[in-house]
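*Asks:* 3D, please:
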Amino acid sequence: MKYTYDQVKGVAQEEQGGDMQQIFSFLLAFAGTWMKQKVFIWMAFFFLMSSCATMKTRSANYMQIILNFGIIVMGFLSLYVWQPKHEMLLQQQREQAVLQN
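*Replies:* The predicted structure follows:
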């Protein structure tokens, strides 16, 4: 009786831990949103776009891409839409306080 064994095919290096650019994108987007740093948000956006442009297979993990994109959008909104309105209101309050004194 002869035994045959199936050889297990290894997983490619790039598929093991996820795309490093997506991981950097997530970390930068989270840090940029948390610390209100525009440079981090822009770097995260370009890392994500670079990662999407260089995807070799279409079987990539789309949940990670959607999560990164959502955090980046929240970062952009918080830095360019919500924060300026808040700062404008604070400036108006300061001006009114100076006028009353």
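
*Asks:* all helices of the chain, in order?
*Replies:* With DSSP state H, the ranges of helices along the chain come out as 13-16, 20-35, 38-53, 62-77, 83-100.

*Asks:* by mean pLDDT, which helix or strand of this structure comes out lowest?
*Replies:* helix 13-16 (a mean of 51; mean pLDDT, DSSP states H and E).

*Asks:* CA-only coordinates of stretch 65-74, as PDB, when you get a sec.
*Replies:* Provided in PDB are the C-alpha atoms of stretch 65-74 (Å, rounded to 0.1, in the frame of the first residue of the first chain):
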ATOM      1  CA  ILE A  65     -10.900  49.500   2.900                       C
ATOM      2  CA  ILE A  66     -14.400  50.700   3.900                       C
ATOM      3  CA  LEU A  67     -13.400  51.200   7.500                       C
ATOM      4  CA  ASN A  68     -10.300  53.200   6.500                       C
ATOM      5  CA  PHE A  69     -12.300  55.300   4.100                       C
ATOM      6  CA  GLY A  70     -15.000  56.000   6.800                       C
ATOM      7  CA  ILE A  71     -12.400  57.100   9.300                       C
ATOM      8  CA  ILE A  72     -10.700  59.300   6.700                       C
ATOM      9  CA  VAL A  73     -14.000  60.900   5.800                       C
ATOM     10  CA  MET A  74     -14.800  61.600   9.500                       C
END
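
*Asks:* considering the helices of the chain, which stretch scores lowest in mean pLDDT?
*Replies:* Looking at the helices of the chain, the lowest mean pLDDT belongs to helix 13-16 (a mean of 51).

*Asks:* mind checking the end-to-end distance for stretch 55-70?
*Replies:* 19 Å (CA to CA, to the nearest Å).

*Asks:* off-centre distance for stretch 34-41?
*Replies:* 11 Å (CA atoms, centre = their mean, to the nearest Å).

*Asks:* who's in contact with that stretch?
*Replies:* Stretch 34-41 is contacted from outside by 28, 29, 31, 32, 33, 72, 75, 76, 78, 79, 83, using CB atoms under 8 Å, 6 or more residues apart in numbering. (Glycine included, C-beta is placed from N, CA and C.)
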